[in-house]
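Colleague: pasting the sequence and the predicted coordinates here, then a few questions.
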Amino acid sequence: MKVTVVGAGAVGASCAEYIAIKDFASEVVILDIKEGFAEGKAMDLMQTASLNGFDTKITGSTNDYSKTAGSDVCVITSGIPRKPGMTREELIGINAGIVKMVSANLIEHSPNTIIIVVSNPMDTMTYLVHKTTNLPKNRIIGMGGALDSARFKYRLAEALGAPISDVDGMVIGGHSDKGMVPLIGKAVRNSVVVSEFLSEERMEQVVQDTKVGGATLTGLLGTSAWYAPGAAVSAMVQAIACDTKKIFPCSALLDGEFGLNDLSIGVPCVLGANGIEKIVEISLTDAEKAKLSESAVGVKATNGLLEL
Ligand SMILES: NC(=O)c1ccc[n+]([C@@H]2O[C@H](COP(=O)([O-])OP(=O)(O)OC[C@H]3O[C@@H](n4cnc5c(N)ncnc54)[C@H](O)[C@@H]3O)[C@@H](O)[C@H]2O)c1
Ligand SMILES: O=C(O)C[C@H](O)C(=O)O
């Protein structure tokens, strides 16, 4: 399994590190436009191999896509992150051009690849890759829901005073401060719905804290987060590499599922060797459906800013 990560910045390097530590890929290529940067990150990571016990070979490349040839999975993290006070949507002007160019270069050298889009605004960048390349739709996947769900579980565990391993929950919808739909009514502590343990007010607090998870970290760090984003991508790459058929909420191109069309947005997906192997149309309450539809309106408004 060969994996390429474009963007050797905070998220790209974190993602490459987690993939290597999990030791399921034979090779990881990191590519960046900044001279020597990816080579430096790759060398630094390789010098952790004997300490962390992995055999994955990590190499770096300054914008030479021939080094990425034959990649099974390519992750796009190239682009600018937001600063405190910004929305993800404000990044579209710079990131759309980068994502379009990078995805074309990747596919030229790896025509059978699966692409995972991370750059923000992620749902719109994923839609852009669907619209501007000829990859089948199961091979273009946006990462947002896996991260948002991990943050949801963190907030649920905090509210419940429970270990994170005892809680489960999922966030669907757009990967934006307003558009996320944490499915609080379906969240459980060891199979018991969390409403058995938490008041309405506390559950609403969990939902709100989850939705602004990225913005909260951007305020604290001065730039956006990287550890949980890198871990979320690596978990998705592992599901594909090891054909696990695990369900992750992913930004997938919809064609009638959940009553939505012609957009990429977070919905539960089975991930395996073929990328998105199935979109799982779980039943939603009327309130959940309304929130997902409202979220879709927001994503479509951002998609409307693309020059396609
Ligand atoms: N989807 C998510 O859940 C999620 C999570 C975290 C971050 N992000 C997004 O990921 C992106 C990267 O964030 P970061 O914190 O790693 O930023 P960063 O600035 O640390 O790294 C971005 C890297 O991209 C490189 N780059 C820019 N243009 C390039 C090009 N044309 N080709 C190759 N490399 C190029 C830069 O040189 C830089 O090293 C941002 O858009 C951020 O908003 C998304
Ligand atoms: O918040 C951001 O801008 C980065 C990313 O989308 C995140 O959720 O951490």
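Modeller: Perfect, thanks for sending it. Ligands and ions are numbered 1, 2, ... in the order given.
Colleague: can you tell me the closest non-neighbouring residue to Asp168?
Modeller: What sits nearest to Asp168 in space, not counting adjacent residues and going by Cβ to Cβ, 6 or more residues apart in numbering, is Val188, at 5.3 Å. In this view, the C-beta of every residue, glycine as well, is placed from N, C-alpha and C.
Colleague: tell me how many other residues crowd that neighbour.
Modeller: Residues contacting Val188 under the criterion other Cβ atoms under 10 Å number 15.
Colleague: does it touch Val194 like I think?
Modeller: Yes: Val188 is in contact with Val194 according to Cβ atoms under 8 Å; the separation is 6.5 Å.
Colleague: now do the shared contacts for those two.
Modeller: Common neighbours of Val188 and Val194, using Cβ atoms under 8 Å, 6 or more residues apart in numbering, are Val167, Gly169.
Colleague: point out the residues in the chain that sit beside ligand 2.
Modeller: Contact residues, the chain versus ligand 2 (Cβ under 6 Å from any ligand atom): Pro81, Arg82, Arg88, Asn120, Leu147, His175, Gly214, Leu217, Thr218, Ser224, Ala225, Pro229.
Colleague: out of the residues you listed, the closest to ligand 2 would be?
Modeller: Gly214 (2.4 Å; Cβ to the nearest ligand atom).
Colleague: tell me which element that closest one is part of?
Modeller: Assigned by DSSP states H and E, Gly214 belongs to helix 213-221.
Colleague: next SSE downstream of that helix?
Modeller: Next helix or strand after helix 213-221 toward the C-terminus (DSSP H and E): helix 227-241.
Colleague: which stretches of the stretch 51-200 of the chain form helices?
Modeller: 92-109, 122-132, 145-160, 200-211 (DSSP state H, counting those that start in this stretch).
Colleague: chain center to the second one: distance?
Modeller: The reference is to helix 122-132. 13 Å (Cα atoms, centre = their mean, to the nearest Å).
Colleague: what packs against it?
Modeller: Judged by 3 or more Cβ pairs under 8 Å, 6 or more residues apart in numbering; DSSP states H and E, helix 122-132 is in contact with helix 92-109, strand 114-117, strand 140-142, strand 246-255, strand 261-272, helix 286-303.
Colleague: what's the closest of these to ligand 1?
Modeller: helix 92-109 (4.4 Å).
Colleague: any part of that closest one near ligand 1?
Modeller: Yes: shown here: helix 92-109 in contact with ligand 1 (Cβ under 6 Å from any ligand atom) through Asn95, Ile98, Val102.
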